[in-house]
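A.B. asks: coordinates for the following, if possible.
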Amino acid sequence: MRAALGQGAARGRWAAAAQERLAAVIEAAGALRKGFEAALGGQAGPPGEVPDAVVASCAELTRWLAASKAPSGLGRAEGELRAAVGTYRNAAYAFRTLTDAADDVWGARAAACATMLDQGDHHVESFRAVLARTRGCGRPRTRPA
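C.D. replies: Numbers count the residues shown, from 1 in each chain. Alright, predicted model coming up:
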C-alpha cells in the first residue's frame with residue numbers, strides 16, 4: 001500500500017512539473033498561431049522572436065524530459081509530451097520559411113504549418129487525457145457502479 005501511495009505521489013509530482021513546463025510551450029505556440037493566422041490574412045507575421053520563443057520553450061521541455069524520466073504508468077504521457085514538443089518546434093521552423101517562400105510553395109508550407117499546430121494541440125490533449133486516466137495525476141479514475 002505504501003509503495004502504491006509513493007508511486008502515485010511520484011506520478012503526481014512528475015505530472016505537475018510536466019504541465020508547468022508545457023504551459024510555456026502552449027503559450028509560445030499560441031502566439032505563433034496568432035501570427036500565422038495574421039499571415040494567412042495577408043498581414044505581417046509575428047516578429048522572429050515568436051518562433052524563437054516556441055523553439056526555446058520546446059528545448060527547455062526536452063531538456064527536462066531527458067533528465068526526468070516519467071514514473072511507471074506515465075510512459076504514454078511522456079510520449080505524447082515529446083510528440084507535442086517536436087510538432088510545435090517543427091511548426092515554428094515551418095513558419096520561419098513562409099517569409100522566404102515563393103508563391104508556388106507558400107500555400108503548401110502554410111498548410112504544413114497549420115497541420116503541425118493542430119497536431120501539436122492533439123498531442124497536448126492526448127497527454128492531458130492520459131494524466132486524467134492515471135491515478136495520482138489529477139482527476140482520479142472512477143469505477144463504474
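A.B. asks: in the helix or strand that contains residue 17, what counts as buried?
C.D. replies: Residue 17 is part of helix 2-40 when elements are defined by DSSP states H and E. Within helix 2-40, the residues scored as buried using 16 or more other Cβ atoms under 10 Å are 8, 10-12, 14-15, 18-19, 21-22, 24-25, 28-29, 32-33, 35-36, 39. Just so you know, the C-beta spots here come from the backbone N, C-alpha and C atoms, and that holds for glycine as well.
A.B. asks: what do you get for stretch 123-132?
C.D. replies: Neighbour-count burial for stretch 123-132 flags 123, 124, 126, 127, 128, 130, 131 (criterion: 16+ other Cβ under 10 Å).
A.B. asks: in contact with the residue most central in space within the chain: list those residues for me.
C.D. replies: Nearest residue to the geometric centre of the chain (Cα atoms, centre = their mean): residue 84, 3.6 Å. Taking Cβ atoms under 8 Å, 6 or more residues apart in numbering, we find residue 84 in contact with 22, 25, 120, 123, 124, 127.
A.B. asks: now the closest residue to it other than its chain neighbours: how far from residue 117?
C.D. replies: With Cβ to Cβ, 6 or more residues apart in numbering as the criterion, residue 84 has its nearest non-adjacent residue at 3.6 Å, and that residue is residue 123. Relative to residue 117, residue 123 is positioned 11 Å away (criterion: Cβ to Cβ, to the nearest Å).
A.B. asks: contacting residues around residue 57?
C.D. replies: Shown in contact with residue 57 (Cβ under 8 Å, 6+ apart): 24, 25, 27, 28.
A.B. asks: and which of those is nearest residue 78?
C.D. replies: residue 25 (14.4 Å; Cβ to Cβ).
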